[in-house]
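J.: Sharing a model that was predicted from the sequence below.
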Amino acid sequence: MNSELIHRSNNNNSNNAQQQQQNQDQHDSSRSTATITRFSFRDQRLIFLLIGVAIATLFFNTFPLSQQQRWPDPIIDSGSVNADLPTRRVLYQTSTKGDGFETAMKLGGKVPLGLKAKRLRIVVTGGAGFVGSHLVDRLIARGDSVIVVDNFFTGRKENLVHQFGNPRFELIRHDVVEPILLEVDQIYHLACPASPVHYKFNPTNVVGTLNMLGLAKRVGARFLLTSTSEVYGDPLQHPQVETYWGNVNPIGVRSCYDEGKRTAETLSMDYHRGLGIEVRIARIFNTYGPRMCIDDGRVVSNFVAQVITYLISICSMLCFHIYKYKYYVYIYS
Ligand SMILES: O=C(O)[C@H]1O[C@H](OP(=O)(O)OP(=O)(O)OC[C@H]2O[C@@H](n3ccc(=O)[nH]c3=O)[C@H](O)[C@@H]2O)[C@H](O)[C@@H](O)[C@@H]1O
């Protein structure tokens, strides 16, 4: 009996100790909660915390980390091609499928951290010409490797001489009416007699366009055709929008150029729709600038030539008057 009481009293003691410990723990935790609460409310810390959260939320909503910043490429991003159509290209295309990770190897897109931008291998036909040589400079400056294919019908080596010796530049004398096989990622097809003086000797370049489209199909390259505002012929609508079909005389003296480019556009779109080739078409309007040929009979060239002739005639008249004056002075003296 005695031992039982002792046992009970021992039990009671241990229960009391546990109870005290629990009370102590509760007291400690309520004290620490009170301390944290006091700490948070002291000096208006909570208000500052809430303001901080609000600013951070606003910032990340305005500039989300995963946002893709795409600058439109003035050369290749015409945006006129139907994006729903299938394409043969497997490299450098943007994919939003899968794990949500957006592959941004596409030109002009942001490259995922830690990956280097892929340098493209590009062929530029007609790259020794006026427009082509500037395009080559631009592509090389961007870091791409460029192969120029030109038969020098109207192009000049001087337009590219500053690139000679550059390891990312190659020049091949070749007529695109003959097929050529090159491993490239993109094709810029500019080779074409572009001025009335020249295209009457070498009218169209439909065969060259077919060869280059064939190359694009074989190697899965993206294809850009430099077309012309001449596809609108003698337009009845001003200014011309892309959807305007033009007003072209099919049998006139300039028709070889207009219709040649129209055929080239048709072929490009057929290769795109039928074979999935990724194509771009740029309709170039009258261009002017350094390296342009001022005697090739085009609108801008004619205008520049006329202005220069006019200026020369004014200068010679002035000189004549100055010399006449001097001469006159000389005689009288
Ligand atoms: O404004 C436009 O509409 C034209 O602009 C440029 O023509 P552009 O640079 O002004 O003319 P050129 O300086 O004569 O350049 C044409 C280049 O193609 C080359 N070419 C021409 C004809 C040919 O059969 N093969 C070939 O390689 C010429 O040698 C020359 O380097 C484009 O090259 C044309 O395709 C476009 O139609």
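T.: On my side now, so go ahead.
J.: Show me what from the stretch 201-333 of the chain comes close to the ligand.
T.: Taking C-beta under 6 Å from any ligand atom as the contact definition, the stretch 201-333 of the chain meets the ligand at Asn202, Asn205, Gly208, Thr226, Thr228, Ile284, Thr287. (C-beta placed from N, C-alpha, C; glycine too.)
J.: Any of these buried? List them.
T.: Asn205, Gly208, Thr226, Thr228 (16 or more other C-beta atoms under 10 Å).
J.: and of these, the nearest to Gly220?
T.: Gly208 (20.0 Å; C-beta to C-beta).
J.: and the closest one, which of the three is it?
T.: What DSSP: H, G, I helix; E, B strand; the rest coil gives for Gly208 is helix.
J.: Find the nearest non-adjacent residue to it, please.
T.: Nearest residue to Gly208, sequence neighbours excluded (C-beta to C-beta, 6 or more residues apart in numbering): Val176, at 3.5 Å.
J.: Report the separation between Leu210 and Thr243.
T.: 26 Å (C-beta to C-beta, to the nearest Å).
J.: domains of this structure?
T.: Annotated domains of the chain cover 121-284, 293-317 [the TED database].
J.: ranking those domains by burial, who's on top?
T.: A comparison of the domains of the chain by mean neighbour count, using mean count of other C-beta atoms under 10 Å, puts domain 121-284 on top with a mean of 19.
J.: Mind checking the pLDDT average for that one?
T.: When pLDDT is averaged along domain 121-284, the result is 94.
J.: For that domain, measure first residue to last.
T.: The first residue of domain 121-284 is 24 Å away from its last residue (C-alpha to C-alpha, to the nearest Å).
J.: same check, this time on stretch 164-179
T.: End-to-end distance of stretch 164-179 (C-alpha to C-alpha): 25 Å.
J.: circling back: got the buried ones among the residues of the stretch 201-333 of the chain next to the ligand as CSV, with secondary structure columns?
T.: Converted to CSV, these look like this (three-state DSSP):
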residue, secondary structure
Asn205, coil
Gly208, helix
Thr226, strand
Thr228, strand
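J.: of all those, which two lie farthest apart?
T.: Gly208 and Thr228 (14.9 Å).
J.: Packing partners of the helix or strand harbouring Leu267?
T.: Per DSSP states H and E, Leu267 falls inside helix 255-275. Counting contacts by 3 or more C-beta pairs under 8 Å, 6 or more residues apart in numbering; DSSP states H and E, helix 255-275 is packed against helix 196-199, helix 206-219, strand 222-228, strand 279-284.
J.: Let's see that with 7 Å instead.
T.: In terms of contacts (3 or more C-beta pairs under 7 Å, 6 or more residues apart in numbering; DSSP states H and E), helix 255-275 is packed against helix 206-219, strand 222-228, strand 279-284.
J.: Quick one: these as CSV, columns for distance to Ala56 too.
T.: Shown next, in CSV, are those (distance: least, C-beta to C-beta, whole Å):
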stretch, distance to Ala56
helix 206-219, 48
strand 222-228, 41
strand 279-284, 42
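J.: In the stretch 1-150 of the chain, which residue sits nearest the ligand?
T.: Residue of the stretch 1-150 of the chain nearest the ligand, by C-beta to the nearest ligand atom: Gly129 (2.0 Å).
J.: ok, now how distant is the closest residue in space to that residue that isn't next to it in sequence from the ligand?
T.: Ranked by C-beta to C-beta, 6+ apart and with sequence neighbours excluded, the top spatial neighbour of Gly129 is Gly155, at 4.4 Å. Between Gly155 and the ligand the computed distance is 2 Å (C-beta to the nearest ligand atom, to the nearest Å).
J.: how about the helices of the stretch 1-150 of the chain, start to end?
T.: 2-41, 45-62, 130-142 (DSSP state H, counting those that start in this stretch).
J.: Of these, which stretch is the most buried?
T.: When the helices of the stretch 1-150 of the chain are scored by mean count of other C-beta under 10 Å, the highest mean neighbour count falls to helix 130-142 (a mean of 20).
J.: which parts of the stretch 1-150 of the chain sit against the ligand?
T.: Near the ligand, when you scan the stretch 1-150 of the chain using C-beta under 6 Å from any ligand atom, you find Thr125, Gly126, Ala128, Gly129, Phe130, Val131, Gly132, Asp150.
J.: run the last query once more with 8 Å
T.: Residues of the stretch 1-150 of the chain that fall close to the ligand, judged by C-beta under 8 Å from any ligand atom: Thr125, Gly126, Gly127, Ala128, Gly129, Phe130, Val131, Gly132, Ser133, Val149, Asp150.
J.: Return the residues in contact with the last one.
T.: By C-beta atoms under 7 Å, 6 or more residues apart in numbering, the contact list for Asp150 reads Thr125, Gly126, Gly127, Ala128, Arg173, Ala191.
J.: quick one: contacts for the fourth one?
T.: By C-beta under 7 Å, 6+ apart, the residues touching Ala128 are Val148, Asp150, Phe152, Gly155, Arg156, Lys157, Asn159, Leu160.
J.: Output the domains of the chain as CSV; include the columns distance to Leu46.
T.: Output for the domains of the chain, formatted as CSV (distance: least, C-beta to C-beta, whole Å):
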stretch, distance to Leu46
domain 121-284, 52
domain 293-317, 69
